[in-house]
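Trainee: Build the 3D model from these lines:
(chains A and B)
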Amino acid sequence: MTARDLLPIAVAVALTALVPLFVTTNTVLNFLVLVLIVALAAQGWNILGGFGGQFSFGHAAFFGTGAYATAILQTRFGVNAWAGFALGVAAGALAGWIIGYLSFRSGLRGSYFALVTLAFAEVFRILANAAEVTGGAAGMLIKLDMRPANFQFASRAVFFWVALALVAAALVLTRGIECSRFGARLVAIRENEEAAQALGVDTLRTKLAAITLSAGVTAASGCLYAQYFLFVDAQIAYGTWISVEALLAPIIGGAGTAFGPLIGALSLHALGEIAKLFAGRVPGIDLALFGCLLVAAVAFAPEGILGLARRTRPRLKPAAG
Amino acid sequence: MYAPAIVAEAFLNGLLTGSVYALIALGLTLVYGVLHIINFAHGALLTGAMFAVWAAHAGLGLDPYLAIPLLTPLFFALGYALQRFVIGPASHGSESNILLVTLGLAIIIENALLATFRSDTRTLATDYGFQSVEFGPLILSKPRLIGFAAAVLVTILLWLVLAHSDTGKAIRAVAKEKLGARLVGIDVGHVYAVTFGLGCACLAIAACLLMPTFYVNPRVGNAFVLVAFTIVVLGGMSSVPGALLGALFVGVVESLSGLYFGDSLGQLGIFLIFILVLLVRPTGLFGAKA
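Mentor: Below is the predicted model of the structure:
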């Protein structure tokens, strides 16, 4: 990884960081923070699904583990919020490693892997909904105490910058993977697992490393969600919505690219807001639109928005994604 | 401990539930066996069928059982068209694309239903909804007994069609060897679409049998879809008798664990079975060795 590889990230992040200086309405900032949270979850999915070709339908398992771990550590054990955040990421990564170990050891891939991740997320949801430590079906509130030491900020702009910093870190991580031998091994597995194995790639180890990293990043998004809304329940943390969003954004934006998840999350949510503007308060209209986009993207733009942009403007260097 | 009569009743109720599960899982099994795809839209299509039954009753005053001859061909056509014009062309023949396309369809159907009917839970009022039949100390619901008989009948019929009719033979030929089937002149695209249509027709029948005793809301399919996947995996992914046995087994497990551990944890048992079977024996309990 050279400075040249990081330049597009630095420029994009620096420009985005200026947004709160011009936009001060809470509605827009709220929207942007939510987009960043979804983008971060999607960046996690992208490591395993985009680069490794292992499609998880249950990334909620990691998002929720991060969210619950940080909430439980703070409210039940009095752990500092920042430490809770780090431990939440670690808990999510551990959950990823365990689920990965169980399913990759048994040779599950393709549809079977998608199904087993979905089932794990559902098991976590049912358990979180019934257990006492998670507050059961009522969910958990994190105590409101607006101090930076508590990972709570009176200003939404500050929270936006914190979220942006995490997204930027994930961008650098993804770019690092892209440029490393580990990334090359991962892509080899995506393209042809048997061939990769024949070439001497330790497929189990590579996939395990990918799902652990992937789960850790998505768990960070869950922690961020918990800190922003100061509330977690089983339907939010382990619900299918985040599994679907984490998968949709990279597919729409461009799976297996550094910027894909971010572009996907932003365009999906922008479109969702526009749809709501036109259709009024009809529930589900934005999600129905997302579904249409998913089908259309698979049919006509398998490389997502970034792939489309590249195809229509060939003078851009392909390595820029 | 519960009295033997209560346990026996829970057991039989599990069998009754399982028979309708069988019908739902049958469509999934068929589509998996032939197209080798996992249809994530299955649950959403079931929800759609249940709303169709509800709407036929509320709008036209049609009895759920009388809706069977109307909705079955309708859903067959819907399934046929979906596979022929959407799933087939959009997925370019790759497995992961099919996964994504059917997931996209599930999202569209579920949210279109949500936008149309809102999130209210609806039920059907029929004269026979609460009628029951007594067998000595056991009391069983009459509509569910009818559902059991009809589901078993449909399963046998479907099995006969697959075993003996020309269409059935073509379907099995495509499932076994796609290229060979094409070489002997079978229109593979058509067979795929017919199979998908049959899967949807099974869902329409299942919906008609469910509605007298069940409720419908836009998310109701989710409760069934993982159960159906569990059954399909248990039954060995592409076996019709396997799906029936798997479904009866899952129905009984759900009913008994619901009795002993309460409803929400009863579902947990199903998912744990599902994960265990996938991890330990992905060919299923009744499936052939891979």
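Trainee: Which pLDDT value does the model give the closest residue to A:Gly239 other than its chain neighbours?
Mentor: Nearest residue to A:Gly239, sequence neighbours excluded (C-beta to C-beta, 6 or more residues apart in numbering or on different chains): A:Ala60, at 6.1 Å. The C-beta positions use only the backbone N, C-alpha and C, and glycine is treated the same way. The model reports A:Ala60 with a pLDDT of 96.
Trainee: tell me the SS of B:Ile38?
Mentor: Classification of B:Ile38 by DSSP: H, G, I helix; E, B strand; the rest coil places it in coil.
Trainee: Tell me, how many residues neighbour it?
Mentor: For B:Ile38, the neighbour count with other C-beta atoms under 10 Å in any protein chain shown is 24.
Trainee: what about the nearest residue to it once chain neighbours are set aside, distance to A:Asn80?
Mentor: Once flanking residues are discounted, B:Ile38 sits nearest to A:Ser111: 4.1 Å by C-beta to C-beta, 6+ apart. Distance of A:Ser111 to A:Asn80, computed by C-beta to C-beta, to the nearest Å: 42 Å.
Trainee: can you pull out the strands in the chain?
Mentor: You didn't pick a chain, so chain A it is. Assigned by DSSP state E, the strands in chain A fall at A:140-141, A:231-232.
Trainee: Can you look at chain B instead?
Mentor: Going by DSSP E, chain B shows strands at B:122-123, B:132-135, B:138-141, B:215-216.
Trainee: So which of the ones you listed is nearest B:Val152?
Mentor: strand B:138-141 (15.2 Å; C-beta to C-beta).
Trainee: which residues of the stretch 101-250 of chain B score low on pLDDT?
Mentor: For the stretch 101-250 of chain B, the stretches with pLDDT under 70 are B:237-238.
Trainee: Get me the contact residues on it for chain A.
Mentor: The stretch 101-250 of chain B comes close to chain A at residues B:101, B:103-108, B:110-115, B:118-119, B:218, B:222, B:226, B:229, B:233, as judged by C-beta under 8 Å from any C-beta of the partner chain.
Trainee: show me the contacts for the residue nearest to B:Ile38.
Mentor: B:37-38, B:95, B:99 (C-beta atoms under 8 Å, 6 or more residues apart in numbering or on different chains).
Trainee: What of B:Ala22?
Mentor: Neighbours of B:Ala22 in contact, by C-beta under 8 Å, 6+ apart: B:151-152, B:155, B:231, B:243-244, B:246-248.
Trainee: Could I get those residues in JSON lines, plus columns for distance to A:Thr257 and neighbour count?
Mentor: Listed next are the contacts of B:Ala22 as JSON lines, based on distance: C-beta to C-beta, whole Å; neighbours: other C-beta atoms under 10 Å in any protein chain shown:
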{"residue": "B:Ala151", "distance to A:Thr257": "48", "neighbour count": "26"}
{"residue": "B:Val152", "distance to A:Thr257": "52", "neighbour count": "15"}
{"residue": "B:Thr155", "distance to A:Thr257": "47", "neighbour count": "21"}
{"residue": "B:Ile231", "distance to A:Thr257": "38", "neighbour count": "31"}
{"residue": "B:Ala243", "distance to A:Thr257": "41", "neighbour count": "33"}
{"residue": "B:Leu244", "distance to A:Thr257": "46", "neighbour count": "26"}
{"residue": "B:Gly246", "distance to A:Thr257": "41", "neighbour count": "30"}
{"residue": "B:Ala247", "distance to A:Thr257": "43", "neighbour count": "31"}
{"residue": "B:Leu248", "distance to A:Thr257": "48", "neighbour count": "21"}
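Trainee: between those residues, which is nearest B:Ile270?
Mentor: Nearest member of the contacts of B:Ala22 to B:Ile270, counting by C-beta to C-beta, is B:Ile231, at 9.2 Å.
Trainee: Surely the closest one and B:Tyr21 touch.
Mentor: Yes. B:Ile231 lies in contact with B:Tyr21 (C-beta atoms under 8 Å); the separation is 5.9 Å.
Trainee: Pull out the buried positions in the longest helix seen in chain B.
Mentor: What stands out as the longest helix in chain B, according to DSSP state H, is helix B:4-35. Within helix B:4-35, the residues that count as buried by 16 or more other C-beta atoms under 10 Å in any protein chain shown are B:9-10, B:12-35.
Trainee: distance of the residue most central in space within chain A from chain B?
Mentor: Taking C-alpha atoms, centre = their mean, the centroid of chain A lies closest to A:Ala41, which sits 1.2 Å from it. Taking C-beta to the nearest C-beta, to the nearest Å as the measure, A:Ala41 falls 17 Å from chain B.
Trainee: If we ignore the residues flanking it in sequence, what's nearest that residue?
Mentor: A:Ser221 (3.9 Å).
Trainee: so what pLDDT did that neighbour get?
Mentor: A:Ser221 is given a pLDDT of 97.
Trainee: Now B:Leu256. Nearest residue, chain neighbours left out?
Mentor: Closest to B:Leu256 by C-beta to C-beta, 6+ apart is B:Ala10, at 5.7 Å.
Trainee: Check B:Leu272 too.
Mentor: With C-beta to C-beta, 6+ apart, the residue lying closest to B:Leu272 is A:Val123, at 6.8 Å.
Trainee: Of all residues in the stretch 101-250 of chain A, which one is closest to chain B?
Mentor: A:Ser111 (4.1 Å; C-beta to the nearest C-beta).
Trainee: Could you tell me the per-residue confidence at that residue?
Mentor: The model's pLDDT for A:Ser111 equals 82.
Trainee: Quick one, which of the strands of chain B gets closest to B:Met50.
Mentor: Using C-beta to C-beta, the strands of chain B put strand B:215-216 closest to B:Met50, at 4.1 Å.
Trainee: quick one: strands adjacent to that closest one?
Mentor: Here strand B:215-216 is paired, per DSSP bridges, with strand B:122-123 (antiparallel).
Trainee: Residues in contact with the partner strand: which ones?
Mentor: B:54, B:214-217.
Trainee: Which member of those residues is positioned nearest chain A?
Mentor: B:Asn217 (12.0 Å).
Trainee: Pull out the buried positions in stretch B:209-217.
Mentor: B:209-214, B:216-217.
Trainee: Over to stretch A:76-84?
Mentor: A:79, A:81, A:84.
Trainee: Could you list the residues in contact with that stretch?
Mentor: Residues contacting stretch A:76-84 (C-beta under 8 Å, 6+ apart): A:69-71, A:73-74, A:87, A:133, A:149-152, A:223, A:227.
Trainee: Give the burial count for the residue nearest to B:Leu272, as a bare number.
Mentor: Neighbour count of A:Val123, defined by other C-beta under 10 Å: 20.
Trainee: show me what contacts residue 229?
Mentor: No chain specified, so I'll use chain A. So A:Phe229 contacts nothing (C-beta under 8 Å, 6+ apart).
Trainee: ah, I was thinking of chain B
Mentor: A:115, A:119, B:28, B:38, B:274.
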